[in-house]
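> model the structure of this input:
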Amino acid sequence: MTSSAPAPVLTQDELKALVGRAALDYVPKGEIIGVGTGSTVNKFIEALAGIKDQIRGAVSSSVASTERLRALGIEVFDSNAVDELAVYIDGADEIDGRGYMIKGGGAALTREKIVAAQSKRFVCIADASKLVNTLGAFPLPVEVVPMAARRIMRQFSRLGGLAQVREKDGTPLVTDNGQHIVDVTGLRITDPLGFENEVNRWPGVVEVGVFAHQRASVCLLATSSGVRTMTFG
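Predicted structure coming up:
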């Protein structure tokens, strides 16, 4: 009797491509859809190009995604030209068992939250390593007005977090909105809704990367044995 061969171990790139293709099942025909930002979303955009004639176009959450969509012949609409989107498809840096997420590793959290709020449904696409019991192991991104950065960093210190301004090439990274990103480590976010409400009240905070009010409706998790689907109430 011969034993079956073990399932092949997929690379991170293969997992992202797998879940990017799976997300096509959630794209309604004839609609304008919301498209997020990041390496997993890039795989979704590549897959979306194969059915681009079946949709009207997209609203994008970043300059980088807009450029990628247009390069593949997908029309990109200004968000103000669209009342409501059928679905928003984006990745996550962390997601818990209730659909709450940390996002913003690609520095697009504010626009991502705007497009998510405009959408009837948020489909999160990620690999299984992003699923956590409690948010906070991934550095929490917070978009801030530059003049408020130091004070906001001190406020996070009082919560037990260690905050620093994200840099690129030795200088503070500038977002698509002309602001800076503060990344915070050392947090355990057990009450995502309360945490999001609190931090967004701080003067100078543009947006915090906790997605609780705009949590996922569905999460597609890529694993070596296939795509696991999680749905949230």
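> could I get the full set of helices for this structure?
Secondary structure of the chain, counting by DSSP state H: helices at 12-22, 39-48, 63-71, 109-117, 149-158, 192-199.
> nearest to residue 220, of those helices?
Closest approach to residue 220 among the helices of the chain (C-beta to C-beta): helix 12-22, 5.1 Å. Every C-beta, even on glycine, is put in place using the N, C-alpha and C of the backbone.
> what angle sits between that closest one and helix 39-48?
Computed by axes from the mean of the first three to the mean of the last three C-alpha atoms, to 10 degrees, the angle separating helix 12-22 from helix 39-48 equals 50 degrees.
> now helix 12-22: average pLDDT?
Looking at helix 12-22 alone, the average pLDDT works out to 93.
> try stretch 92-111
Within the predicted structure, the mean pLDDT of stretch 92-111 is 97.
> quick one: buried residues of it?
Buried residues in stretch 92-111, counted by 16 or more other C-beta atoms under 10 Å: 92-96, 99-111.
> how's this structure carved up into domains?
Domain segmentation of the chain under automatic domain parsing yields 12-132+213-231, 140-207.
> output stretch 166-181 in CSV with nothing but the alpha carbons.
As requested, the backbone C-alpha atoms of stretch 166-181 are provided in CSV (Å, rounded to 0.1, in the frame of the first residue of the first chain):
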residue,chain,number,x,y,z
ARG,A,166,7.6,55.7,9.2
GLU,A,167,10.5,56.7,7.0
LYS,A,168,11.4,56.1,3.4
ASP,A,169,14.9,56.8,2.2
GLY,A,170,15.8,58.4,5.5
THR,A,171,13.0,60.9,5.5
PRO,A,172,9.4,60.7,6.8
LEU,A,173,7.2,58.8,4.3
VAL,A,174,4.5,61.1,2.7
THR,A,175,1.1,59.5,2.0
ASP,A,176,-1.0,60.0,-1.1
ASN,A,177,-2.8,62.6,1.2
GLY,A,178,0.3,64.5,2.0
GLN,A,179,0.5,63.3,5.6
HIS,A,180,2.8,61.1,7.7
ILE,A,181,2.4,57.6,9.1
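> buried stuff in it?
Within stretch 166-181, judged by 16+ other C-beta under 10 Å, the buried ones are 166, 175, 176, 179, 180, 181.
> what's the spacing between the second one and residue 221?
Residue 175 sits 28 Å away from residue 221 when distances are taken as C-beta to C-beta, to the nearest Å.
> any idea which of the domains of the chain is most buried?
Of all those, domain 12-132+213-231 carries the top mean neighbour count, a mean of 20, counting by mean count of other C-beta atoms under 10 Å.
> next up, the contacts around the nearest residue to residue 52 once chain neighbours are set aside.
Counting by C-beta to C-beta, 6 or more residues apart in numbering, residue 74 is the residue found nearest to residue 52 once chain neighbours are left out, at 5.0 Å. Remark: with contacts taken as C-beta atoms under 8 Å, 6 or more residues apart in numbering, residue 74 is in contact with 45, 48, 49, 52, 55, 57, 58.
> is the fifth one in contact with residue 33, as I believe?
Meaning residue 55. Yes. The pair formed by residue 55 and residue 33 meets the contact definition of C-beta atoms under 8 Å, at 6.2 Å.
> shared neighbours, those two?
Counting by C-beta under 8 Å, 6+ apart, the residues touching both residue 55 and residue 33 are residue 27.
> who's residue 223 bridged to?
Following DSSP bridges, residue 223 is listed with bridge partners residue 226.
> contacts only, for it.
15, 127, 128.
> OK, contacts around the last one?
For residue 128, the contacting residues are 221, 222, 223, 228, by C-beta under 8 Å, 6+ apart.
> thanks again, I'm all set now.
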